[in-house]
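Asker: Generate coordinates for the sequence data below:
(chains A and B)
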Amino acid sequence: MKRLHTGLLFLGLTAAATNGASATSSGYPATQVQQIQGIPLSIEVDPNAELTAVDVFIPAGLERETVATSGISALLLRCLFQTPVTGVSGTSSLKDAVESFGASIDADVTGQWSRISLVARSDQMPLLVDDLYHALANPDFSAKNLAMARKGLLSRLGETASEPVTVGVEMFRRAYYVGGNGLPALGSVPSIMRLRTADLSGFFAQTYVQGGAHVSLVGLQTPALRDSVKRLVGSLRPGSLPAVTIQTRPFEEKPMRVVARRKIGNPLIVVGFPAPSPENRDFATMLVINAVLTEGIATERTTESDVPESIGSSYLYDIAPASLAVYINGGRLDPNFGVNQLINVASSLGDRELNAEALTKFKAVARGSLLMSTLNAGERASLLGLFAQGGANDPLNGVLSSLDAVSGADVQRVAKQYLKNYTVALVLPQNETDGK
Amino acid sequence: MIVRWISALLVAAFAVAAPLHFSSARPSSDSITGTLPQHGTYVVYRMQGAPVAVVALWYRAPSIGYGITPVPSLAHLAAQAVAASTPVTGKSLSTVVHENGGHLTISVYANSVSISALVPTDAASTIVAAMTRAYFSPVLDDKGLAIARSELAEEAIFTSFDPIQAAHNAVVGSLFSSGPQHYPALGSAKALSSIDQDTLRSFSERAFRAQNAVLVLTGDVDERLAASAVQGRIGSGGADLPISSPIAAEPTASSEPFDEAGGGQAWVGPKISDERSATALDFIADYLFRPQTGTLTKSISDLDSSAYVEGQFITLHDPGVFFVGYTSKNADGVSKEIDLALQTIQSPLAKTEFARARAAFAEHLLFDLQTPSEVADTFGWYTVEGNPTYAPGADGVRGRYFSAVNSLTPELVASVAKKYFGGKSSRITFEQGKSGKVISR
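Answerer: Purely as a prediction, here's the structure:
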């Protein structure tokens, strides 16, 4: 297989970017940033790709929602997926048009964006981007479509209510962020029930704009695909949204504790810390700290298995300022012991430098975690799009290089800065507290 | 490799079940195979993407051991214990993989064992050496064995609550009267505790010989990496032949209590060398059961949005097995839907629908071969089951598997469905909260 050899160029760039730090011995295929109608398009080229992934980031994220409109971004995306589009095989919903021949379309709502992700055979991608363009050009917010979208979203909302990690992380977000970023990604039942066609039309007109939007692509970029992407971004209204001032609640010396009860089997504890965003120079160091916090407490297993982990984490870097939510599975680790251990480790990281052996290990674990989250084109397109916001030309390789350069002193300094204060969210099994 | 398919949309527009066309306008993404120093095999497949590599050892080895008396879980415990044990010089394989930022996975099936490490590329050479050293000259220490027992016991308990796994074990087991297929690859926690160290050592030395190994390297790799494999101790013979499992004389149906309502069914299918029939059953599994998009998956979701259904053809040396498992509050209704779908598929699909479904199937295959782990699993599996050149992805989309997809017709699919879904099968029903009894028919 012919492979893109861009290593030398990449090493040169990253060495300069990291001020002479040692470069990674092997990296991602280099990415480039192009402009289409003023919108950045981040591309990882694979001329041999049988599948291509395209992610579209639209500045219609949680930060644009209010308590009254909570869930509107997610509801709008569902309406969009059900919008009829007409292709050579006839008229069907956008989702069916994409999936009926084997491709996939997905979406999610992050702090800053509504993200739409397409993965398809490289030769078919232009047609599917055109399908998305048609849906964006004429979205169906009719009462009938809205009712169907609402039903689907409420069903999903019901499922997530019993997912302890989702509940716990959302509780921490609600405690830490003021405004839309603290709201649940899928909204709440009352707000979803209240939203009407006019609300969706208004939100769409307001937020589906070119300013702040961007696109990432991993795979084969053909002239036809470039033309399709150009049409797609052209369907967004020119202009920009006013900047949102992200507010967070200050951490108190005595940690804030929030509690919820759900139909779950075991308690789950989330300990949330503030954290640097991807464009921050301390981002890579925080990835190493994340590895220490989780690996330092987890019982090491010989192999991967379906048995749930005792500890995990979620780095919320789609919101600026970012945060890190570390969760402890009370069914696998005593909650009190787990939280105490976590806080002790966090505290000791600020007190003294990691020794060289431990630093090497945790850097490798952090590097491995990043790599394992980018194994297919869709995953890389997603992360490329999220990390490209800092303006970096080759952001994934930039993070790898920065990871290589992390020192023990960096870990100590960043731990002191970010791990001093924290918030605890506790999700308890419903039956355990009934009647108490 | 540039793949020029006839546009699926155009195929549908003209309602013609024409063959899918491939051309080789760019260099082939062929795999490279070779021989290890002591006659094992290696397969190398280079992929663009994240700088990661999969280093996997595959063995043809019976999960229940080689003796006359079956020892359920023997292969799994042996493989896990070797990974956890510390050789005199160095660290355990598990530790080496972990410290390099990788993940180690051990999968055991009726007739095969896979030890697979997903690691950053720059650690790949170290891992090839560590893995081949660990398995070609296996060391089993007390600590490693204790860890392995404990972890697998926990896993056994955890999976015993999985209704799909329980259904699989029950119906596939009852399709065969004896042999490795008759037993679950991971038995009970009790079974694990009764396996002694001598039995494990004897099994490890026979099963994990270099001569019996297939080393699979995928991702950001090249052929030179295979040279990092160590020689290991001198063993005898070549690769083991598969141990057969006799098919049960009579089909069975049973009912058992379980935490969730559901069930499963299994049918005897074609052997791996019957490529067209095996591919036809893969097509049926994709068409009916693929998550989110399968026609039966969707209709069952309409019936009960919380229902789960899974269906797959398991390609094996001889014979293969088609398995279906499900859970639902409306288990009877779901079971009837499954029966109806499997009956309906025995008549040819309309040409338009077939063309669409075949194009989707081919694209789904590409989706399922995106990561180094997926490709390594496929190459390893098809190699130990005895038909490596039929592995999806071998020779890219010009290979034999995709040729078999290309040769599918509505009539062929219907005739294969009729032959195998009308043949020997076993069925189990899980009744929630009810005590059941086994019924034979």
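
Asker: okay, CA-based contacts and neighbour counts for the rest of this
Answerer: OK.

Asker: Give the burial count for A:R156, as a bare number.
Answerer: 12 (other C-alpha atoms under 10 Å in any protein chain shown).

Asker: anything in the host helix or strand of it near chain B?
Answerer: Assigned by DSSP states H and E, A:R156 falls within helix A:143-160. No: Helix A:143-160 stays clear of chain B (C-alpha under 8 Å from any C-alpha of the partner chain), getting no nearer than 8.6 Å.

Asker: Which strands and helices lie in contact with that helix?
Answerer: helix A:72-82, helix A:189-194 (3 or more C-alpha pairs under 8 Å, 6 or more residues apart in numbering or on different chains; DSSP states H and E).

Asker: List the buried residues of it.
Answerer: Burial within helix A:143-160, assessed by neighbour count using 16 or more other C-alpha atoms under 10 Å in any protein chain shown, is assigned to A:N145, A:L146, A:A147, A:A149, A:R150, A:L153, A:L154, A:L157.

Asker: ok, the fifth one touching A:S191?
Answerer: No: A:R150 is beyond contact range of A:S191, at 10.6 Å (criterion: C-alpha atoms under 8 Å).

Asker: returning to that earlier point: buried deepest among the helices and strands packed on helix A:143-160, which one?
Answerer: Each of these was assessed for mean neighbour count using mean count of other C-alpha atoms under 10 Å in any protein chain shown. The highest is helix A:72-82, with a mean of 25.

Asker: Mean confidence (pLDDT) on that helix, please.
Answerer: For helix A:72-82, mean pLDDT rounds to 98.

Asker: Is A:A175 within a helix or a strand, and which one?
Answerer: Short version, using DSSP H and E: A:A175 is in helix A:164-176.

Asker: tilt between that helix and helix A:143-160?
Answerer: For helix A:164-176 against helix A:143-160, the angle by axes from the mean of the first three to the mean of the last three C-alpha atoms, to 10 degrees is 100 degrees.

Asker: what element comes up after helix A:164-176 heading to the C-terminus?
Answerer: strand A:177-178.

Asker: Give me the contact list for that next one.
Answerer: With contacts defined as C-alpha atoms under 8 Å, 6 or more residues apart in numbering or on different chains, strand A:177-178 is touched by A:I246, A:Q247, A:T248, A:R249.

Asker: Could you count how many residues lie near the last one?
Answerer: By the measure other C-alpha under 10 Å, the count of residues near A:R249 is 10.

Asker: With the first one instead?
Answerer: A:I246 has 14 neighbouring residues, counting by other C-alpha under 10 Å.

Asker: and it, how far is that from chain B?
Answerer: In this view, A:I246 and chain B are 33 Å apart by C-alpha to the nearest C-alpha, to the nearest Å.

Asker: likewise the second one?
Answerer: To chain B, A:Q247 is 35 Å away according to C-alpha to the nearest C-alpha.

Asker: For that residue, list the residues it contacts.
Answerer: With C-alpha under 8 Å, 6+ apart, A:Q247 has these contacts: A:Y177, A:V178, A:G179.

Asker: at 10 Å instead, please
Answerer: By C-alpha atoms under 10 Å, 6 or more residues apart in numbering or on different chains, the contact list for A:Q247 reads A:Y176, A:Y177, A:V178, A:G179, A:G180, A:N181, A:G182, A:A320, A:P321.

Asker: ok, so of the residues you listed, who is nearest chain B?
Answerer: Chain B lies nearest to A:A320 out of the contacts of A:Q247, by C-alpha to the nearest C-alpha, at 26.1 Å.

Asker: just checking, that closest one touches A:L386?
Answerer: No: using C-alpha atoms under 10 Å, A:A320 is not in contact with A:L386; the gap is 11.5 Å.

Asker: Which neighbours do those two have in common?
Answerer: Joint contacts of A:A320 and A:L386 (C-alpha under 10 Å, 6+ apart) are A:Q112, A:P278.

Asker: more neighbours, these two?
Answerer: A:L386 (23 against 18).

Asker: and the residue lying closest to that one once chain neighbours are set aside, how many neighbours does it have?
Answerer: Nearest non-adjacent residue to A:L386, counting by C-alpha to C-alpha, 6 or more residues apart in numbering or on different chains: A:D318, 6.8 Å away. Neighbourhood size, A:D318 [other C-alpha under 10 Å]: 21.

Asker: So A:D318: helix, strand or coil?
Answerer: Secondary structure for A:D318, judged by DSSP: H, G, I helix; E, B strand; the rest coil, is coil.

Asker: mind showing which ranges of the chain have poor pLDDT?
Answerer: Since you didn't name a chain, this refers to chain A. A:1-25, A:88, A:390-391, A:431-436 (pLDDT under 70).

Asker: To clarify, I was referring to chain B.
Answerer: In chain B, residues with pLDDT under 70: B:1-29, B:234-235, B:434-441.

Asker: now the helices and strands packed on helix A:143-160 as JSON lines including distance to chain B?
Answerer: Formatted as JSON lines, the helices and strands packed on helix A:143-160 follow (distance: least, C-alpha to the nearest C-alpha, whole Å):
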{"stretch": "helix A:72-82", "distance to chain B": "14"}
{"stretch": "helix A:189-194", "distance to chain B": "18"}
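
Asker: what about these, which gets the closest to A:T207?
Answerer: helix A:72-82 (9.5 Å; C-alpha to C-alpha).

Asker: and the closest one, what other elements does it pack with?
Answerer: On a contact count with 3 or more C-alpha pairs under 10 Å, 6 or more residues apart in numbering or on different chains; DSSP states H and E, helix A:72-82 meets strand A:90-93, helix A:94-99, strand A:104-109, strand A:114-121, helix A:125-137, helix A:143-160, helix A:189-194, helix A:197-207.

Asker: want to try TSV for the contacts of A:Q247, with distance to B:N111 as columns?
Answerer: Formatted as TSV, those follow (distance: C-alpha to C-alpha, whole Å):
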residue	distance to B:N111
A:Y176	52
A:Y177	53
A:V178	57
A:G179	57
A:G180	54
A:N181	51
A:G182	51
A:A320	51
A:P321	52
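
Asker: Can you give me the neighbour number for the nearest residue to A:G187 once chain neighbours are set aside?
Answerer: Leaving out its chain neighbours, the residue that sits closest to A:G187 by C-alpha to C-alpha, 6+ apart is A:G71, at 3.4 Å. As a burial measure, A:G71 scores 29 neighbours (other C-alpha under 10 Å).

Asker: Touching, A:G71 and A:L62? I think so.
Answerer: Yes: A:G71 is in contact with A:L62 according to C-alpha under 10 Å; the separation is 8.2 Å.

Asker: can you list residues touching both of these two?
Answerer: A:V109, A:G180, A:L183, A:P184, A:A185, A:L186, A:G187.

Asker: Many thanks, we can stop here.
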